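In: Have a look; sequence and predicted model below, questions after that.
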Amino acid sequence: MSAAASMFVRQFFHGTRADLSPGELIVVGYQSNFTTAAPLSWVYFSGTLDAAIWGAELAAGDAPQRIYVVEPTGPFEDDPNLTDKKFPGNPTLSYRSKHPLRIVAEMTKWQGHSPERVQQMKDGLARLSAEGAEIID
């Protein structure tokens, strides 16, 4: 097997309602898609399409749901909001970085969750918020 045949590229995804284009950067300092807390000091992304779909479906607003293929421009770490609190071992491949994410492409064909499942997730998040839980650091 040649060296080229054994290499692969790891893909990362970001789900949102923001209308962005390939080449643009997702940077820190913007309001979260999910809370009214202070602007974020991290950008969040995932190595699974399913986690990105949840990001798009749960993002606030009425704009179209979007999923971008992104590449980190610097170091990143496991997202402690999920990996330490909900899913030890990081099976959702959820990450965060203080460095920008470069948009490589937009995924235009993907299958979302059922409306009932999305409502269940939103109800659960509303319950956590009512209890004072911080959903995103």
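Out: Done, it's in.
In: I'd like to know the beta-bridge partner residues of the nearest residue to Ser21 once chain neighbours are set aside.
Out: The shortest distance from Ser21 to any non-neighbouring residue, by Cβ to Cβ, 6 or more residues apart in numbering, is to Ile103 (6.7 Å). The C-beta positions use only the backbone N, C-alpha and C, and glycine is treated the same way. Residues in a beta bridge with Ile103, per DSSP bridges, are Val70.
In: same question, Glu77
Out: Beta bridges link Glu77 to Arg96 when assigned by DSSP bridges.
In: What is the lengthiest helix in the chain packed up against?
Out: Ordering each helix of the chain by length in residues (DSSP state H) puts helix 115-130 first. For helix 115-130, the contact count by 3 or more Cβ pairs under 8 Å, 6 or more residues apart in numbering; DSSP states H and E identifies helix 49-58 as packing neighbours.
In: pretty sure Thr48 is touching Leu93, no?
Out: Yes. Contact criterion Cβ atoms under 8 Å: Thr48 and Leu93 qualify, at 5.0 Å.
In: the more surrounded of the two?
Out: Taking other Cβ atoms under 10 Å, Thr48 and Leu93 do not tie; Leu93 has more neighbours (20 against 15).
In: List phi and psi for the more buried one.
Out: phi 50, psi 50 (degrees, to the nearest 10).
In: Could you check the pLDDT of it?
Out: Leu93 carries a pLDDT value of 89.
In: cool, Pro22 as well?
Out: What the model reports as pLDDT for Pro22 is 97.
In: who's in contact with it?
Out: Residues in contact with Pro22 (Cβ atoms under 8 Å, 6 or more residues apart in numbering) are 103-106.
In: tally of neighbours for the residue nearest to Ser21?
Out: Neighbours of Ile103 using other Cβ under 10 Å come to 20.
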